[in-house]
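Visitor: coordinates for the following, if possible.
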Amino acid sequence: MRAFVRQPSPRLAEGLLTHLDRTPVDVDLARRQWDGYVGALQSAGWETIEVPAAPDHPDSVFVEDVMVWWQGSAVVTFPGAVQRRGELLGAEAALRDLGADVLHIEPPDTLDGGDVLKIGERFYVGVGGRTTLGGCDQLAALLRVEVIPVATTKVLHLKSAVTALPDGTAVGYLPLVDDATAFETFLAVPEPGAEVVVIDDQTVLMATSAPRTREIFEQRGLRVIAVDISEFEKLEGCVTCLSVRLR
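Guide: Numbers count the residues shown, from 1 in each chain. Modelled structure (predicted):
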């Protein structure tokens, strides 16, 4: 099990915001939290691969947005925010170093990896913020997969609102979800910040900011690894966007 990660930029506090008011970001604390996140992946048996740092790009730590991985193929995205497109070069270099088959989303369409939620063989892709319908169509053609566009207007990316448990159940905080009926099975949780990274069939990684949801997951028989990512949450980040898991 391998995962791409990318060190936080010293300009992290300048990261883009769309739905949140700006609050002070402690960059030193963020770096320690990133170390804790990476350490949690490694302790769970994942090898982490660092994408070359991009210190001039405040949002570059959110590495998930610039690539989508599927069965040995990698799509280098074309982010909806112009300011983030300089992050692509280092991401592509890391993918080529790994020997991946590298594909590209072509402009003028855009696609952010944080909008791409894979559940089984199906791709749910958030549309309405950083990703266009044309980006969805390109992703479907490049990877030869079923893509279901999902309206996403209340959060930055689809996976800022909805992720999936190991059994394929979509989970999310309803006030942030445009259409929960888009998913075959959906579990409403009582608080924001409840996004998960699937570690294995019995384990998820999530933020410490959603303790009530953690209890629900544990009652379902899941083992939960909780990490503090408060400084990244101030920038509309969550546990999914800090890595790209290669499955």
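Visitor: let me know the pLDDT of Arg247.
Guide: Listed pLDDT for Arg247 reads 83.
Visitor: same question for Gly86.
Guide: On the pLDDT scale, Gly86 gets 98.
Visitor: confirm it sits in a helix?
Guide: Yes. When DSSP: H, G, I helix; E, B strand; the rest coil is applied, Gly86 is found to be in a helix.
Visitor: what is the neighbour count of it?
Guide: Neighbours of Gly86 under the rule other Cβ atoms under 10 Å: 13. In short, each C-beta sits where N, CA and C put it, glycine included.
Visitor: wait, doesn't it sit right on Pro55?
Guide: No. Applying Cβ atoms under 8 Å as the test, Gly86 and Pro55 come out as separate, 11.1 Å apart.
Visitor: show me the contacts for the closest residue to Asp201 other than its chain neighbours.
Guide: Leaving out its chain neighbours, the residue that sits closest to Asp201 by Cβ to Cβ, 6 or more residues apart in numbering is Pro166, at 4.9 Å. The contact partners of Pro166, by Cβ atoms under 8 Å, 6 or more residues apart in numbering, come to Val198, Asp200, Asp201, Gln202, Thr203, Val204, Leu222.
Visitor: Pro166 and Gly86: what is the separation?
Guide: In this view, Pro166 and Gly86 are 35 Å apart by Cβ to Cβ, to the nearest Å.
Visitor: tell me what the longest helix anywhere in the chain is packed against?
Guide: Ranked by residue count under DSSP state H, the longest helix found in the chain is helix 27-43. Applying 3 or more Cβ pairs under 8 Å, 6 or more residues apart in numbering; DSSP states H and E, one finds that helix 27-43 contacts strand 2-5, strand 47-50, strand 223-227, helix 230-233.
Visitor: I'd like the average pLDDT over that helix.
Guide: 98.
Visitor: any residues touching that helix, and which ones?
Guide: 3, 5, 7-8, 10, 12-13, 48, 61, 199, 205, 225, 227-232, 239, 242-243.
Visitor: whichever of those end up buried, select them in ChimeraX.
Guide: In ChimeraX, a selection of the buried entries from those looks like this (16 or more other Cβ atoms under 10 Å):
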select :3,5,7,8,12,13,61,199,205,225,227,229,231,232,239,242,243
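Visitor: show me what counts as buried in the longest helix of the chain.
Guide: Neighbour-count burial for helix 27-43 [16+ other Cβ under 10 Å]: Val27, Ala30, Arg31, Gln33, Trp34, Tyr37, Val38, Ala40, Leu41.
Visitor: tabulate the CA atom coordinates of it in CSV.
Guide: Output of helix 27-43 as CSV, limited to C-alpha atoms (Å, rounded to 0.1, in the frame of the first residue of the first chain):
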residue,chain,number,x,y,z
VAL,A,27,2.0,27.1,9.8
ASP,A,28,4.4,25.5,12.3
LEU,A,29,1.5,23.6,13.9
ALA,A,30,0.3,22.6,10.4
ARG,A,31,3.7,21.1,9.7
ARG,A,32,3.5,19.0,12.9
GLN,A,33,0.0,17.9,12.1
TRP,A,34,1.2,16.9,8.6
ASP,A,35,4.0,14.9,10.2
GLY,A,36,1.3,13.2,12.4
TYR,A,37,-0.9,12.4,9.4
VAL,A,38,2.0,10.9,7.4
GLY,A,39,3.1,9.0,10.5
ALA,A,40,-0.4,7.6,10.9
LEU,A,41,-0.4,6.3,7.4
GLN,A,42,3.0,4.7,7.8
SER,A,43,2.0,3.1,11.2
